[in-house]
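Colleague: Need the 3D shape of this:
(chains A and B)
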Amino acid sequence: MQEQYSIPRTELLPQPSAEVADAKTDLGYTMEYEAISRLIKEVNETYESLLAEDDELATQGAAVHEAVEVPMSPEVLSHKDRAERIGNNLALIRKDR
Amino acid sequence: MPVLKKALGLLVGGDQTVSSNFGLSSKKKRPLKELTERELITLESEVGGQLFGPVQKSGRREFFNLDPKTWLWHEEWLDATGKKQQSTIRYEVDDKGILKVSEGARYDYLQGAELDNFTVAIQMYYERVMREIYKRDPQTGQKLG
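Modeller: Predicted coordinates for the structure are as follows:
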């Protein structure tokens, strides 16, 4: 009988089917997602502006670093190596006196 | 100076170090073994202080290697008014060169003529202490005959 499957008007709204529940949930998430994505967008914009500022600072820092960091000339390297060698030899000879 | 006296006694020998009829004592064979590392450095410093010419009669100069990466210069002198002055400079061998650390927290890397002078001085120091104190060939490290 078809009556068996019809919804009596007096009954309460039946429990939603799984399919309907999913649709509602998706709708809810979509709304939340829009809010969240707006927030994310704002955060990203702020972050990107900070990154740009940071890049600028990093570039400035690198320039300063290059200006301060004078590469060791072969001459200085040679003096340094010799001083190290002599210092090490003296330490050894004192131990082996 | 006690260290020098002690060292001299050990190096040239004396009543206490000349031993039995059987020859030299172990002290005589390796006299420097009796000295502490600090005493050895004091001896070296006597040599180091002579590398830069004469010192004022009432003055004093020391130049020595403290450890593999540190050299020290210390000088005392009387100024024109007779007041005692002194200066200590530390030279540190680091990754970037020879750092000169002067009093008053002044730091400079040696360069140019000063760097050349430093290297010549430590080379001379090494040659002389190896020959005169340790009795070794500076090139090979072998004992001198």
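
Colleague: May I ask which helix or strand of chain A has the lowest mean pLDDT?
Modeller: Ranking every helix and strand in chain A by mean pLDDT, DSSP states H and E puts helix A:18-68 at the bottom, with a mean of 62.

Colleague: contacts for the longest strand along chain B?
Modeller: As assigned by DSSP state E, the longest strand anywhere in chain B is strand B:84-94. Applying Cβ atoms under 8 Å, 6 or more residues apart in numbering or on different chains, the contact partners of strand B:84-94 are A:80, A:83-84, A:87, B:68-79, B:98-103, B:110, B:118. C-beta: built from backbone N, CA, C; applies to glycine.

Colleague: What is the subsequent helix or strand relative to the least confident helix or strand of chain A?
Modeller: Next in sequence after helix A:18-68, counting helices and strands by DSSP states H and E, comes helix A:74-95.

Colleague: Chain A contacts on chain B?
Modeller: Contact residues (Cβ under 8 Å from any Cβ of the partner chain) of chain B with chain A: B:30, B:32-33, B:35, B:37, B:40-41, B:44, B:65, B:67-71, B:93, B:96-98, B:109-111, B:115-116, B:118-119, B:122-123, B:125-126, B:129-130, B:134, B:136, B:141.

Colleague: Can you pull out the low-pLDDT segments for chain B?
Modeller: Flagging of chain B using pLDDT under 70 yields the residue ranges B:1-29.

Colleague: SS state for the closest residue to residue B:66 other than its chain neighbours?
Modeller: Excluding its sequence neighbours, the residue lying closest to residue B:66 (Cβ to Cβ, 6 or more residues apart in numbering or on different chains) is residue B:72, at 5.5 Å. At residue B:72, secondary structure determined by DSSP: H, G, I helix; E, B strand; the rest coil is strand.

Colleague: tell me the contacts of residue B:72?
Modeller: Contacts of residue B:72 by Cβ under 8 Å, 6+ apart are B:62-64, B:66, B:88-91.

Colleague: Relative to residue B:132, how far out is residue B:48?
Modeller: For residue B:48, the distance to residue B:132 equals 11 Å [Cβ to Cβ, to the nearest Å].

Colleague: Please say which of those two ends up with more neighbours.
Modeller: residue B:48 (24 against 13; other Cβ atoms under 10 Å in any protein chain shown).

Colleague: Give the helix, strand or coil label for residue B:41.
Modeller: Applying three-state DSSP: residue B:41 is helix.

Colleague: What helix or strand is the residue nearest to it when sequence neighbours are not counted located in?
Modeller: Once flanking residues are discounted, residue B:41 sits nearest to residue B:64: 5.5 Å by Cβ to Cβ, 6+ apart. Using DSSP H and E, residue B:64 sits within strand B:60-67.

Colleague: so residue B:47 makes contact with residue B:125?
Modeller: Yes. Under the criterion of Cβ atoms under 8 Å, residue B:47 makes contact with residue B:125 at 6.7 Å.

Colleague: out of those two, which sits in the busier spot?
Modeller: Between residue B:47 and residue B:125, counted using other Cβ under 10 Å, residue B:125 has the larger neighbour count: 23 against 19.

Colleague: any idea which helix or strand carries that one?
Modeller: helix B:112-132.

Colleague: and that helix, what other elements does it pack with?
Modeller: helix A:74-95, helix B:37-48, strand B:60-67, strand B:97-102 (3 or more Cβ pairs under 8 Å, 6 or more residues apart in numbering or on different chains; DSSP states H and E).
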